[in-house]
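Novice: coords please:
(one chain, ligands or ions: 1)
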Amino acid sequence: MSLEKRVKQMLLANPDPGKIKKGISLVLLKIFLTPAGRFGTRAFGSRSEKKLSLILYNHARRIFKSPHSSVFISLFGPIELVHAFNLLPFSLEMLSAVAASMSLAPDLLARAEKEWLSSDFCSFHRTYIELARTGLLPKPLFCMATSHTCDGTFKSFSQVSEYFSTPLIFFDTPYHLDMNAVKYLARQIESAVHTIEEITGRSLQVSDLERAFQNSNRARKALLDINNLKRHHTPLIYGEESLLFVLVIGSLLGSRAGASLYKAYMEELKKRADARFNKINGKKRILWLHLKPFFPNTLMKYLERDLGAVIVAEEINSVYWEELNIHNPWESLAKKLMSNLWVGSIEKRLNYIRRTIEDYQIDGVIHFSHWGCRQSNGAVRLIKDTVMEYGIPFLNLDGDCIDSRNYSEAQYITRLEGFMEILG
Ligand code: SF4
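Specialist: Numbers count the residues shown, from 1 in each chain. Model prediction:
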C-alpha cells in the first residue's frame, strides 16, 4: 500500500497523533522530492524542475528536523525578514496545495465542516487549519501573516497560532498605495523585527538583511528575464510546469536557494530559446489568471497537450514589485507587499492583463475562479470586459483549487473544447 494511502487511512482512523506525524513527514518529504510528479508535470523532466524538487525536499526536511527554526507564513508576506533571521519560512497555503495533490484535502475539509468551519470560507484556509489541528505539523517558532491578499488570513492564522501556542505576527496592509500607507506598514514591519528579536533572542544583523535583500533581488531579476523569455514566439515551457515555481515565491524568496533556482530556470529557458526549441506545439497563446486546481486532474494537460494551446503567461508569476532597497528596508518591504496585484483597486489587475495581452500576443484568456475568493472571482465581469476590448475570447472556470469533491472533469473539458473552437 502506498504511503499516501497509509496516511489517508491513519487520518480516517484518527489514531495516535505521534504516528500520524511520522507518516505525514515521510509523505511530505516524498512529495517535495517529486513535486512535479505530484502536480502532474513529471513528463517534462526539465533540469530546473529537478532542482526545484531537490531544494524543496531539503527545505521541508530542515523544517521537520528543526521545527524550532520554522515559521508558518501566509503567501506573499515579507519572507525576506524570516530569511534574514536564518529561519525557515513555510507557506501554509502551499501546504494546503500539497495536501490537495495527495488527495487528502476532501477528508480534511469534511472534518473541518464537522467542526463548524463554514464551507463558504476559502478551502486553502480550511485545509491548513485542519492540518494543524490534526497534529500533523511540527510546532513552529511563530506564525506570520498579512491581511493582504485576503481578509480571512487573520482568523485562520489566529487559530493556527492558538493551536500551537505560538506568537502571531500580523501585518495590517492598507488598501491604497500612498506614502502614508507605506509608512504605516513600514512601522509595523520594523516593530515585527523587534518582536522576532525577542522571540529568537538574537539581534538582526544588517549583513544578514542585506544578504536576504540581495537574494530576493536576484530572484526578481531572474523572474523578469524568465517572463521576457516566455514572450518568445515559440513557447518554451508549458504553463502547468511554470506554475510550479510559485512554490519558490511561497517560501524561498530571500534565500540563496530561491535565487539560484530562478537563475537555473532562466538559463534553461535561454538555452531553449537559443536552440530554437520547438518541442512544444502550442498554436494558441493563453494568459492564465489566478491559480489552478492542485488536486490530481488533467485539465491543463488536456489544454496544453491535446487542444494545442500553451499558457505563455501566468498572473501568479508576474513581477509587480520594485527592487528591495537596503537603505530604506522597511518602506521598501512595505511597498513590495502593497504592490501586489491583488491588493487595492482592480485597475492594477486590469492593467496587468492589458499589458500582458499586448506584450505576449495573447490569443485567449482563462480565469480560474476559486470558490470563496473575492480576489479571484469578485471582478470577473470587469476582467471579461477588459479582455473583450481586445476582441479575444475569455473563459471563466468556476471551481476550487483544493476541494475536489464537486469537481467534474467532463464539464471542464467541454468548456475548454468550446473555448478552443471560438479561438479557431
Ligand atoms: S484563494 Fe483567495 S481567499 Fe483563498 S487564500 Fe488565496 S486570496 Fe485568500
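Novice: residue 130 sits in which helix or strand?
Specialist: Here residue 130, judged by DSSP states H and E, is contained in helix 123-133.
Novice: mind checking if that helix is in reach of the ligand?
Specialist: Yes. Helix 123-133 comes into contact with the ligand (Cβ under 6 Å from any ligand atom), by way of 124, 125. No exception for glycine: its C-beta is placed from N, CA and C like everyone else's.
Novice: report the angle between the helix or strand just after that helix and helix 123-133.
Specialist: Next helix or strand after helix 123-133 toward the C-terminus (DSSP H and E): strand 142-146. Angle, strand 142-146 to helix 123-133, by axes from the mean of the first three to the mean of the last three Cα atoms, to 10 degrees: 170 degrees.
Novice: okay, strands next: where are they in this structure?
Specialist: Secondary structure of the chain (DSSP state E): strands located at 70-73, 88-91, 142-146, 168-171, 284-289, 309-314, 364-370, 394-399.
Novice: and residue 228, which of those strands is closest to it?
Specialist: Among the strands of the chain, strand 309-314 comes nearest to residue 228, with 11.1 Å by Cβ to Cβ.
Novice: dump the closest one to CSV, keeping only the CA atoms.
Specialist: Coordinates of each C-alpha in strand 309-314 appear next as CSV, following Å, rounded to 0.1, in the frame of the first residue of the first chain:
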residue,chain,number,x,y,z
ALA,A,309,-2.9,25.8,-26.6
VAL,A,310,0.0,26.8,-24.4
ILE,A,311,-0.1,29.0,-21.3
VAL,A,312,2.6,31.6,-22.0
ALA,A,313,1.9,33.9,-19.1
GLU,A,314,0.6,33.3,-15.6
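Novice: given it, what are its sheet partners and their directions?
Specialist: Strand 309-314 pairs in its sheet with strand 284-289 (parallel), by DSSP bridges.
Novice: ok, how many other residues are close to the residue nearest to residue 188 when sequence neighbours are not counted?
Specialist: Nearest residue to residue 188, sequence neighbours excluded (Cβ to Cβ, 6 or more residues apart in numbering): residue 171, at 5.2 Å. Residues near residue 171, counting by other Cβ atoms under 10 Å, number 22.
Novice: residue 171 against residue 145, yeah?
Specialist: Yes. Look at residue 171 against residue 145 with Cβ atoms under 8 Å: they come within range, at 7.4 Å.
Novice: overlap in contacts of those two?
Specialist: Common neighbours of residue 171 and residue 145 (criterion: Cβ atoms under 8 Å, 6 or more residues apart in numbering): residue 77.
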